[in-house]
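Colleague: build me a model from this:
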Amino acid sequence: MRNNTIVLDRSAFERMVFAATAYQTAVNEVLATITTEQPSKKDEWINTKEAQQITGISKEKLSRMARLGECEARRVGSDWRFPRSKVEDMSFIHVNNTAESR
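Modeller: Numbering: from 1, shown residues only. Model prediction:
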């Protein structure tokens, strides 16, 4: 019968224990964050219809602005998404300085 014993010096053992402990701590922190933090309404991205209802800007104009890069938006499928918090205070619209663009 073979003896499958691994011999570690104290330093190697301590490094392994430290690494395992650090890994477990990191995993626990991530799990705690995932299970306790819910995104706030301010962090969500809303569709064109919702942005239109908040701003009064037509859906067509919002889509055109998004397509031309005149506002902060992300394309999701066939629709655009806008950051709710910025739509609510209208800061999602990029104001271009015509003097700088020449």
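Colleague: quick one: low-confidence parts of this protein?
Modeller: Applying pLDDT under 70 to the chain flags residues 1, 35-42, 95-102.
Colleague: now for the longest strand seen in the chain, which elements pack on it?
Modeller: For the chain, the strand with the greatest residue count under DSSP state E is strand 79-83. On a contact count with 3 or more C-beta pairs under 8 Å, 6 or more residues apart in numbering; DSSP states H and E, strand 79-83 meets strand 45-47, helix 48-55, helix 59-67, strand 74-76. All C-beta atoms are positioned from the backbone trio N, CA, C, and that covers glycine.
Colleague: show me which residues of that strand are buried.
Modeller: Within strand 79-83, the residues scored as buried using 16 or more other C-beta atoms under 10 Å are Trp80, Arg81, Phe82, Pro83.
Colleague: ditto for stretch 62-76
Modeller: Leu62, Ser63, Met65, Ala66, Glu70, Cys71, Glu72, Ala73.
Colleague: and what of stretch 49-65?
Modeller: Applying 16+ other C-beta under 10 Å to stretch 49-65 flags Ala51, Gln52, Thr55, Ile57, Leu62, Ser63, Met65 as buried.
Colleague: and if you look at stretch 78-97?
Modeller: Applying 16+ other C-beta under 10 Å to stretch 78-97 flags Trp80, Arg81, Phe82, Pro83, Arg84, Ser85, Lys86, Val87, Phe92, Ile93 as buried.
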